[in-house]
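>>> Below: sequence and its predicted model.
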Amino acid sequence: MSDTTIELSDVSKRYRLRRGWYVTSLKDEVGRLTARLLGRGVEPREEFWALRDITFSLKRGEVLGLIGMNGAGKSTLLKILSKVTVPTTGSFVTKGRLGSLIEIGAGFHPDLTGRDNIFLNGSIMGMSRREVQRKFDQIVAFAEVERFIDTPIKFYSSGMQMRLGFAVAAHTDPDILLIDEVLAVGDASFQAKCLNKLAELKEQDKTIVLVSHNLSNITEHARTVLWIDHGTIRMLGESDAVVDAYLEHVSADIKAEDSQHQARDRGGDRPISILDVALADAGAPPRNCFDREDTVHVDITYTASRPAPGAVFGVSIHDVHGYDLGGVVTDPGSVKVTAPVDQGVLRLTLSPLLFNKGVYTLDVYILDPATRRHYDLRRRALRLVVDGHRAASRGTTGYVYYPHQWERLK
Amino acid sequence: MRKTTVFLFQHWELISSFALRDIKARYKQTVLGVAWSLLQPLSMMIVFTLVFSLFAKVPSDGLPYPVFAYSALIFWTFFSNSISGGTGTMVSNATLIRKIYFPRETLLIAVLLAGLLDLGVASLLFVGMLFYYKISLSLAALWVVPLLILQVTLTFGVISLTSATHVNFRDMGHGLPLVVQLWMFATPVAYPISVIPAWLRPFYLLNPMAAIIDGYRRALILGAAPDLLAMGVSVAITAIIVGIALPVFKRAARTFADVI
């Protein structure tokens, strides 16, 4: 089947920036109105186009990945797709029941029990009472809240509330499903459950729009990717091509940001501090984009005003959400700073680089191991983009690359 | 009318879910629970009886004043509570409106529905009072049904306008309680319509609630039909209000999520 389920043409969305967070007072409005009637000039309201001329369509069973920097317009687009708001101009058509895993559990009432909230949330999402009744046990089991189902949800932990919200939303049986970053929340076992549910929905020929900062999730699930930048379509096409272009753009952006970083002056009285952190490789200008299994050098330039013999140097690597993926530290006493140093350089070599395609950030720090106090800490000192033909190869999932081989023994 | 029925039918479950939520949540962690629906008109009746009947000697068309006042108060309480609840309902459901699409009208209808339940509870006492004062209902009491439909329609029109306005201008939340209070004194709740001078009456009846409240009293206590001319005016004004309110609300509701 190839019938179109979502069609947007030239969709734009304008927001008016008003004083006091979008809420005006009557006085304001009357003032503007009288000024206009008297023929006096009214200062124009500040406008902001969150989206400009967005055109695309999705067929039944297609999965679209939506990527872009923060503030690019992804959320606004989801709001339009979910009909929470209407476009300022342009036309927009959807066919079929719409489900969203955006801000799950928004319809919960804290004073009502889990049971009541399932029915309430179900009907807000367009399910009939009978339908909820039928799926009730499944929902409760999925959310793992059996014991607390008759407890007001204000006594639930935030994890339980979230699981219940996801469970209801995932059981609405929509034709079109909008998913915003929800796969990034919850503990590992619940995340696995969510990913399974997503795969199940894909099999059922649902149309899915998936927003995620986790690019490997995107390439894994979506064949087409839409990259939005400053409210316009930067690129729309086959997922690998778009994600590659996006990564390239992001790394170019980082270079500019890095140079700003380095210019920043850091004061304070500390025996030892970081002057500069740079990614370097064998030759040529510093870069921050590497292929998988490349050799990466991290040069840490430091200065010591007093001896700090015990100092430990460390680098930790994080995903875009700031989750710590692992790190390395020097052995205590291996780098002895026994005399003041004007400018020392310590090089860390990561070889081979065992990360899959994606964007990573590096924190660099110098620690006093006795007190666990940071002599200096540079959060997100560097961004490391992993991209290239090795990284592009399929057959890997998640962040970490395992050198591996498959063998047929029998 | 047909469209309304279809809408109600289609979204009945959502509406009743919202109403149920409002009712359940309202009386959670209260001791008196649903008795509060009774206490509000009851205490008003006691105060009115003391002030208007005992002290100020306001006439009550020959009826016992408590039942005279209470017959109007339960319906007025329904009206005023629906207005204050309905006006604020969009803003108090802001998180929902910002995140999820559903027909926004359902929130308004849910407020009315929850209010009807309160009215039902409050009217139990009214039945008791009828027994106490040995007033028997006549067939004219059936007039309550069209009157109630008219009142609900009028209230829906009013809260469509006020709730849409409240989203953009929070002044509504401050000004409206005052207006509703004044409105009560422009309606025959505490006094009979007969005390209004004849020359003023045509203007007085421009208040659509006047004929409605008077109508309830006639139907329930006097066993008479409402003043049909006055009711006709009330129907016409209600139609005008709803005719303006519905398109305004529909237009405004499209962008509630952006401004709420």
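Happy to help now that I have it. What you are looking at is a predicted structure, and each value in this text was computed from that prediction instead of being measured.
>>> And for the residue nearest to A:I102 when sequence neighbours are not counted, the neighbour number?
Of all residues not flanking A:I102 in the chain, A:D180 sits nearest, at 4.3 Å (Cβ to Cβ, 6 or more residues apart in numbering or on different chains). For the C-beta atoms, the positions are set from N, CA and C on the backbone; glycine is no exception. Using other Cβ atoms under 10 Å in any protein chain shown, the number of residues around A:D180 comes to 20.
>>> separation between A:D180 and B:A72?
A:D180 is 51 Å from B:A72, where distance means Cβ to Cβ, to the nearest Å.
>>> you'd agree the residue nearest to A:I102 is up against A:S75?
Yes. At 7.3 Å, A:D180 counts as touching A:S75 under the criterion of Cβ atoms under 8 Å.
>>> Report the buried residues of the helix or strand hosting B:V6.
Per DSSP states H and E, B:V6 falls inside helix B:2-10. For helix B:2-10, a neighbour-count test (16 or more other Cβ atoms under 10 Å in any protein chain shown) marks nothing as buried.
>>> and what of stretch A:354-370?
A:355-368.
>>> Report the distance from that stretch to the chain centre.
Mean-position distance between stretch A:354-370 and its chain equals 19 Å (Cα atoms, centre = their mean, to the nearest Å).
>>> before we move on, the earlier item: OK, contacts around the residue nearest to A:I102?
A:74-75, A:78, A:100-103, A:211 (Cβ atoms under 8 Å, 6 or more residues apart in numbering or on different chains).
>>> again, only this time at 10 Å
Listed by Cβ atoms under 10 Å, 6 or more residues apart in numbering or on different chains, the contact partners of A:D180 are A:66, A:74-75, A:78, A:82, A:100-104, A:209-212.
>>> From those, keep the buried residues only.
Applying 16+ other Cβ under 10 Å to the contacts of A:D180 flags A:66, A:74-75, A:78, A:82, A:100-104, A:209-212 as buried.
>>> from these, which ones fall inside strands?
The strands, defined by DSSP state E, take in A:66, A:100-101, A:209-211 from those.
>>> Would you check those and say which has the weakest pLDDT?
Here the lowest pLDDT out of these sits on A:L101, with 77.
>>> Tell me if I'm right that it and A:I176 touch.
No. Using Cβ atoms under 10 Å, A:L101 is not in contact with A:I176; the gap is 11.7 Å.
>>> Report the set of residues contacting both of those two.
A:I208.
>>> just checking, what packs against the helix or strand of chain B with the lowest mean pLDDT?
Each helix and strand of chain B was given a mean pLDDT (mean pLDDT, DSSP states H and E); the minimum falls on helix B:2-10 at a mean of 81. Judged by 3 or more Cβ pairs under 10 Å, 6 or more residues apart in numbering or on different chains; DSSP states H and E, helix B:2-10 is in contact with helix B:105-132, helix B:228-253.
>>> With mean pLDDT as added columns, please give those in CSV.
Converted to CSV, the helices and strands packed on helix B:2-10 look like this (pLDDT from 0 to 100):
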stretch, mean pLDDT
helix B:105-132, 94
helix B:228-253, 95
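>>> Let me know which of those is tucked in deepest.
Comparing the helices and strands packed on helix B:2-10 on average neighbours per residue, with mean count of other Cβ atoms under 10 Å in any protein chain shown, the densest one is helix B:105-132 at a mean of 19.
>>> tell me the angle the least confident helix or strand of chain B makes with helix B:105-132.
90 degrees (axes from the mean of the first three to the mean of the last three Cα atoms, to 10 degrees).
>>> downstream neighbour of helix B:2-10 in the secondary structure list?
Beyond helix B:2-10 toward the C-terminal end (DSSP H and E), the next one is helix B:12-26.
>>> just how off-centre is that next one within its chain?
For helix B:12-26 - counting by Cα atoms, centre = their mean - the centre lies 18 Å from the chain centre.
>>> again, but for stretch A:168-183
For stretch A:168-183, the distance to the chain centre is 17 Å (Cα atoms, centre = their mean).
>>> ok, back up a step: of the ones in strands among the buried ones among the contacts of A:D180, list those near chain B.
Restricting these to those near chain B by Cβ under 10 Å from any Cβ of the partner chain leaves A:S100.
>>> from the ones in strands among the buried ones among the contacts of A:D180, which is closest to B:G85?
A:S100 (27.6 Å; Cβ to Cβ).
>>> pretty sure the closest one is touching B:Y101, no?
Yes. Here A:S100 reaches B:Y101: they are 8.5 Å apart, a contact under Cβ under 10 Å.
>>> shared neighbours of those two, anything?
A:79, A:81-84, A:125.
>>> can you tell me which of those residues lies nearest to A:G61?
The closest of the shared contacts of A:S100 and B:Y101, once distances to A:G61 are taken by Cβ to Cβ, is A:L81, at 16.8 Å.
>>> List the residues that contact residue 146.
As the question left the chain open, I've gone with chain A. A:114, A:137, A:140.
>>> try again with chain B
Neighbours of B:P146 in contact, by Cβ under 10 Å, 6+ apart: B:212, B:215, B:219, B:226, B:231, B:235.
>>> Which positions within the helix or strand that contains it qualify as buried?
Element membership of B:P146, judged by DSSP H and E, is helix B:144-168. Buried positions in helix B:144-168, judged by neighbour count with 16+ other Cβ under 10 Å: B:144, B:147-148, B:150-168.
>>> so whichever helix or strand comes after it versus helix B:144-168, what angle?
Following helix B:144-168 in sequence order, the next helix or strand is helix B:171-185 (DSSP H and E). Between helix B:171-185 and helix B:144-168, the angle comes out at 150 degrees (the same axes, to 10 degrees).
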